[in-house]
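Student: Fold the stuff below for me.
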Amino acid sequence: MGITALATGLLAFRMPAQRQFFAWLVEAILALTIGCIAVQIKSKRLALSLSSRPAQRALLSFVPPLLAGAVLTTVLYRADMLTVLPGLWLLLYGAAVVTGGAFSVRIVPVMGICFMLLGGVALLAPVVSGNSFLMLGFGAMHIVFGTLIARRHGG
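Tutor: Predicted coordinates:
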């Protein structure tokens, strides 16, 4: 996911804000697909059921902040307020990771807190830096934390 986010960000630098928004929406769909496939592969490798109670609790904790982000994205898009979306997306994705990560290893909620902090900074930063914040969060932070999680906990 981090690599595709970095690629999206590099492509988006050359685009106007409206097109950047759609580029990042496509990236979100791609990242969601990659994440779902990765979870399925890991659950098969570890012989863990995705329909188990802990898995359902984690999903139930992870999804509401993402749904809130989708609703707010629609509202802000309709109001032509795209400049707040990078910070909002990072903040709410971080909230999803913190809540969903409560049922995982300790580093996962820490990652979520880092996303939330980055989102807060992005909301206060100049609006022209939104794409850079998305690259830093969804790109670099995913790569760093993903590498740490893979090394310490097997993926």
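
Student: for the protein, what are the low-confidence residue spans?
Tutor: 155 (pLDDT under 70).

Student: residue with max distance from the center of the chain?
Tutor: Largest separation from the mean C-alpha position in the chain: residue 47, at 25.9 Å (C-alpha atoms, centre = their mean).

Student: before we move on, what SS does it have?
Tutor: Applying DSSP: H, G, I helix; E, B strand; the rest coil to residue 47 yields a three-state assignment of coil.

Student: That one and residue 83: what is the separation?
Tutor: 46 Å (C-beta to C-beta, to the nearest Å). Glycine gets a C-beta too; all of them are placed from N, C-alpha and C.

Student: which residue ends up closest to the midpoint of the chain in space?
Tutor: By C-alpha atoms, centre = their mean, the chain has its centre lying nearest to residue 93, at 4.7 Å.

Student: contacting residues for that one?
Tutor: The contact partners of residue 93, taken as C-beta atoms under 8 Å, 6 or more residues apart in numbering, are 65-66, 69, 112, 115, 119, 137-138.

Student: again, only using 6 Å
Tutor: residue 115 (C-beta atoms under 6 Å, 6 or more residues apart in numbering).

Student: Now it: which helix or strand?
Tutor: Element membership for residue 93 (DSSP states H and E) is helix 85-101.

Student: which SS class is the spatially closest residue to residue 39 that is not a sequence neighbour?
Tutor: Computed as C-beta to C-beta, 6 or more residues apart in numbering, the closest residue to residue 39 that is not its neighbour in sequence is residue 50, at 7.1 Å. Secondary structure state of residue 50, per three-state DSSP, is coil.

Student: Residue 50: neighbour count?
Tutor: For residue 50, the neighbour count with other C-beta atoms under 10 Å is 14.

Student: Residue 43 is in contact with that one, correct?
Tutor: Yes: counting by C-beta atoms under 6 Å, residue 43 is a contact partner of residue 50 at 5.2 Å.

Student: Identify the residues contacting residue 55.
Tutor: So residue 55 contacts nothing (C-beta under 6 Å, 6+ apart).
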